[in-house]
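# please find the sequence and the predicted model below.
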Amino acid sequence: MTRPGRLGVFALAGCLGCGLTGCGGDQAGAADDGRVDVVVSSYPLEYVAAEVGGDRVDVTNLVPAGGDSHGLEPTPRDVMTLTEADVVVHLSGALQPAIDDVLAQQEPEHVVDATALADHGEDPHFWLDPVRLAPLGTQVADELAVVDPDHADRYAERAERLAASLQEMDEEYATALAPCRGATLLASHEAFGYLTERYGLRQVGVAGLDPHVEVSPTRLRRVVDDVRDTGARTIFFEAAAGLGVAETLADELGLATDVLHPIERVADEESYPGLMTANLAALRRGLVCTG
Ligand SMILES: [Zn+2]
C-alpha cells in the first residue's frame with residue numbers, strides 16, 4: 001500500500017476536514033451522545049484511557065489491530081480523527097514523529113502527552129514499567145475533567161484505582177525478580193530498558209529501540225561476545241515480529257527462546273495486565289536467577 005507523504009497528508013486533511021465537517025465543527029464531540037471521544041496513538045495509551053474513562057468515553061486507537069505503533073504514518077482519515085477528537089492521548093518523541101507533526105499543525109485543544117514519563121532519550125517503551133505508567137492515569141483524568149467536568153470525580157477515582165492495580169503489579173515484579181538482580185535480559189527488540197532499570201536487570205538488545213532498523217554485523221558480534229561473557233541462556237523475542245535474527249543467534253549460542261511482549265501490538269483477547277503477568281512468568285523461566 002502506498003501512503004501519501006507527510007505534506008500530502010496535510011494537504012488532503014485540510015480539504016477533507018473543511019469539506020466534510022465544516023472547519024471547527026465538532027460532529028463527533030461530547031455534545032452528541034454525551035460520551036467523550038478519546039483518540040490514542042498506541043495500545044498502552046488506549047489501555048489507560050479506557051481504564052480511566054470507563055463507559056463515559058469512546059476510545060479510538062490510530063494503530064489498527066495487529067499494526068505496528070513504531071513510525072505510524074497517519075492516513076488522511078487519521079488526521080481527521082485527531083482533529084475531531086475531544087481528547088488526544090499521545091506519546092511525542094521517538095515513537096511516532098509523523099503524529100507529532102500532525103498535532104503541531106492541527107493543534108487540537110485537549111492533548112495529553114506522556115512524553116515526560118519516557119525520559120530515556122530515544123526509548124519510548126515506558127509502559128513496560130508499571131510505576132511509570134501510573135501517573136498517565138492522573139494526567140488523563142485531569143484532561144477528561146476539563147472536557148466533562150460533571151464526571152471529574154469519577155475520572156479521578158478510576159485513575160486512583162488504576163494506580164493501585166499498577167502498584168500491585170510493581171510489587172509482584174519486584175518480589176519475583178529480586179533473586180534475578182543483575183541478570184542479563186537478552187531481547188530481540190530493545191524495548192525493556194525501563195523495565196530492566198526498575199527491577200535491577202541488564203538489557204542487551206539485538207535489534208535497537210526501533211525494530212525496523214536492520215541489525216548490523218558489528219552489533220551482532222557485540223551481542224555474541226556479551227552473551228558468552230554473561231552466561232545468558234534465553235533470548236526473548238516478540239511473537240508478532242517472528243524469530244528472525246533471534247533464531248540464528250539462539251542456534252549459534254545454544255540459547256533457549258521465549259516470548260517477551262513489548263505490549264505494542266495486542267490481539268483482541270489480550271490486555272495490559274494479562275501480558276505483563278505473562279512477561280513476568282517468561283522472565284522467571286528465562287533469566288538466570290538465584291532463587
Ligand atoms: Zn517498540
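Arrived safely. Numbers count the residues shown, from 1 in each chain.
# when you work out contacts or count neighbours from here on, use the C-alpha atoms and nothing else.
OK.
# where do the helices sit along the stretch 101-250 of the chain?
Assigned by DSSP state H, counting those that start in this stretch, the stretch 101-250 of the chain shows helices spanning 130-147, 152-177, 193-198, 217-230, 245-253.
# next, the buried residues of the longest one.
In this case it means helix 152-177. 152, 154-156, 158-163, 166-167, 169-170, 173-174, 176-177 (16 or more other C-alpha atoms under 10 Å).
# out of the helices of the stretch 101-250 of the chain, which gets nearest to residue 70?
If you check each of these against residue 70 by C-alpha to C-alpha, helix 193-198 wins as the nearest, at 16.2 Å.
# which other helices and strands does that closest one contact?
Judged by 3 or more C-alpha pairs under 8 Å, 6 or more residues apart in numbering; DSSP states H and E, helix 193-198 is in contact with strand 202-207.
# name the residues that touch the strand it packs on?
182-193, 196, 213-215, 219-220, 223, 246 (C-alpha atoms under 8 Å, 6 or more residues apart in numbering).
# those in strands, which ones?
Under the assignment DSSP state E, the contacts of strand 202-207 contribute 184, 185, 186, 187, 188, 189 to strands.
# from what I can see the fifth one touches residue 246, true?
Yes - counting by C-alpha atoms under 8 Å, residue 188 does reach residue 246; the two are 5.9 Å apart.
# the two - which one has more neighbours?
Taking other C-alpha atoms under 10 Å, residue 188 and residue 246 do not tie; residue 188 has more neighbours (28 against 22).
# residues contacting the more buried one?
Taking C-alpha under 8 Å, 6+ apart, one finds 205, 206, 207, 235, 236, 237, 238, 245, 246 in contact with residue 188.
# go with 10 Å
204-209, 211, 215, 235-238, 241-247, 249, 259-260 (C-alpha atoms under 10 Å, 6 or more residues apart in numbering).
# try residue 291
Counting by C-alpha under 10 Å, 6+ apart, residue 291 makes contact with 176, 177, 178, 179, 180, 284.
# likewise residue 200?
When contacts are taken as C-alpha under 10 Å, 6+ apart, residue 200 is in contact with 174, 177, 178, 180, 181, 182, 183, 184.
# which phi and psi does the closest residue to the second one other than its chain neighbours have?
Yep, that's residue 177 we're talking about. The shortest distance from residue 177 to any non-neighbouring residue, by C-alpha to C-alpha, 6 or more residues apart in numbering, is to residue 199 (6.7 Å). Main-chain torsions, residue 199, degrees, to the nearest 10: phi -110, psi 20.
# show the pLDDT at residue 199.
The model reports residue 199 with a pLDDT of 98.
# same check on residue 111?
98.
# and what of residue 209?
pLDDT for residue 209: 70.
# shouldn't it be in contact with residue 122?
Yes - Residue 209 is within contact range of residue 122, at 7.6 Å (criterion: C-alpha atoms under 10 Å).
# for these two, indicate the residue with more neighbours.
Counted by other C-alpha under 10 Å, residue 209 and residue 122 do not tie: residue 209 has more neighbours, with 21 against 12.
# skipping adjacent residues, who's closest to the more buried one in space?
With sequence-adjacent residues excluded and distances taken as C-alpha to C-alpha, 6+ apart, residue 209 is closest to residue 190, at 4.9 Å.
# residues in contact with that neighbour?
Contact analysis of residue 190 by C-alpha under 10 Å, 6+ apart lists 123, 125, 203-211, 237, 262.
# so how far is residue 87 from the residue nearest the centre of the chain?
The chain has residue 44 as the residue nearest its centroid, 4.5 Å off, counting by C-alpha atoms, centre = their mean. With distances taken as C-alpha to C-alpha, to the nearest Å, residue 44 is found 16 Å from residue 87.
# wait, doesn't residue 264 sit right on residue 64?
No - with contact defined as C-alpha under 10 Å, residue 264 does not reach residue 64; the gap is 11.1 Å.
# mutual contacts of these two, please.
Common neighbours of residue 264 and residue 64 (C-alpha under 10 Å, 6+ apart) are 42, 43.
# between the two, who's got more neighbours?
More neighbours surround residue 264 than the other of residue 264 and residue 64, with 22 against 14 (other C-alpha under 10 Å).
# and the closest residue to that one other than its chain neighbours, what does it touch?
Among residues not flanking residue 264 along the chain, residue 43 sits closest, at 5.8 Å (C-alpha to C-alpha, 6+ apart). Residue 43 makes contact with 49, 60-65, 68-69, 127, 263-266, 271-272, according to C-alpha under 10 Å, 6+ apart.
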